[in-house]
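Chemist: Could you work out the structure for the sequence below:
(one chain, ligands or ions: 1)
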Amino acid sequence: MVTKQMMINGAAETFGIVGNPVHHSLSPTMHNAAFAALGMNGVYIPLPVSDLQKGVEGLKALGFRGVSVTIPHKKDIMQYVDVLDPVAARIGAVNTLVIGNKEDAADRFVYGYNTDWVGANRALMEKIELKGSRVLVLGAGGSARAIGYGLLEAGAKIMLSNRTVAKGRDLARQLGCDFCPLDELENVNADVLVNTTSVGMTPADDKSPVDQKILSKFSVVMDIVYAPLVTRLLREATASGCEVIDGLSMLLYQGVAQFELWTGRDAPVEVMQNVLRERIK
Ligand code: ATR
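Modeler: Numbering: from 1, shown residues only. The predicted structure is shown next:
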């Protein structure tokens, strides 16, 4: 058996995750498993960073090829990016840096992308054609923003709902979609429901963001919460006859998109999925 350790030598390409804190991240497990499965000379490490400017300079100086970016840096990192992907610019958040050629210091440009929306779309597209689908998005935080803009990219028709009405209306206005208060959702008709709120996450796993009685009208229900993997929302959606997508899918596919941006190779999706499932168990 070829082990990951055998593949890493002095010519290894280095990647990592920039955030604060990062000790809980599942990304090192996922990406290192992918490098090992493809026999690649690559390694991915946690990079707890508080001073972002110095952090990005350090990444360039040390020849890192790319990083994931997580809380609390997804917005602030944008000012240190040389070339910003247009969708990431619209979302207002970057979760992936690709850093230019290691051999050539002059070409060490920093490219910023957002793969959260790519991950959500790919997870949804396994179950439904997004173009022309009607999608109800619950929440108005950073995840709703990324997923909302991503759904528009895919040609879906979206509607937003959120506990804090002013915040929900504000994001809906930016997305150019309608807003519906949480207590009026029985009047909404859509094909897909996406929960981007933290409702239902451990330890409050007895909670669901919506009443079960509205679920039967959706064909597909996706939850971005992955602890627990089967949330109350997904349990009730299954019981109501919906197809469900758990929070692991978006996590997986945003990582798959990162891996493909960094390496230009097809990611070993099944390997990455298996290690994530193992870790979450
Ligand atoms: P993220 O970046 O993951 O989207 P966030 O920006 O903190 O996280 O957003 C969390 C979302 O979950 C918000 O839409 C929030 O609703 P409010 O705008 O009303 O705060 C929603 N949320 C969190 N806890 C909630 C709860 N108990 N009930 C309903 N919505 C909740």
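Chemist: Spatially nearest residue to the residue in the stretch 1-150 of the chain positioned nearest to the ligand (excluding sequence neighbours)?
Modeler: Residue nearest to the ligand within the stretch 1-150 of the chain: Gly141 (2.1 Å; CB to the nearest ligand atom). All C-beta atoms are positioned from the backbone trio N, CA, C, and that covers glycine. Spatial nearest neighbour of Gly141, excluding adjacent residues (CB to CB, 6 or more residues apart in numbering): Thr196 at 6.7 Å.
Chemist: looking at it, that neighbour is touching Leu136, isn't it?
Modeler: No: Thr196 is not in contact with Leu136 according to CB atoms under 8 Å; the separation is 10.8 Å.
Chemist: where does the stretch 1-150 of the chain have low pLDDT?
Modeler: 1-6, 101-107 (pLDDT under 70).
Chemist: where along it do the strands fall?
Modeler: 13-19, 42-48, 66-69, 83-84, 96-99, 110-113, 134-138 (DSSP state E, counting those that start in this stretch).
Chemist: could you dump those strands to a markdown table with distance to the ligand and mean neighbour count?
Modeler: Compiled in a markdown table, the strands of the stretch 1-150 of the chain are given as follows (distance: least, CB to the nearest ligand atom, whole Å; neighbours: other CB atoms under 10 Å):
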| stretch | distance to the ligand | mean neighbour count |
| --- | --- | --- |
| strand 13-19 | 13 | 23 |
| strand 42-48 | 19 | 19 |
| strand 66-69 | 13 | 27 |
| strand 83-84 | 20 | 14 |
| strand 96-99 | 16 | 24 |
| strand 110-113 | 17 | 21 |
| strand 134-138 | 8 | 24 |
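Chemist: Quick check: which of those strands is nearest to Asp223?
Modeler: Closest approach to Asp223 among these is made by strand 134-138 (9.5 Å; CB to CB).
Chemist: Given that closest one, what are its sheet partners and their directions?
Modeler: As defined by DSSP bridges, the strand partners of strand 134-138 come to strand 157-161 (parallel), strand 192-195 (parallel).
Chemist: Can you say which of the ones you listed is packed in most?
Modeler: Most buried of the strands paired with strand 134-138 by mean neighbour count (mean count of other CB atoms under 10 Å) is strand 192-195; its value is a mean of 26.
Chemist: Tell me which helix or strand comes right after it.
Modeler: The first helix or strand that comes after strand 192-195 along the chain, using DSSP states H and E, is strand 220-223.
Chemist: How about that following strand and the ligand, touching?
Modeler: No: applying CB under 6 Å from any ligand atom, one finds strand 220-223 out of contact with the ligand, separated by at least 12.1 Å.
Chemist: Are the very next helix or strand once past that strand and the ligand in contact anywhere?
Modeler: Going down the chain from strand 220-223, the next helix or strand is helix 232-239, by DSSP H and E. No: on the criterion CB under 6 Å from any ligand atom, helix 232-239 is out of touch with the ligand, staying 11.9 Å away.
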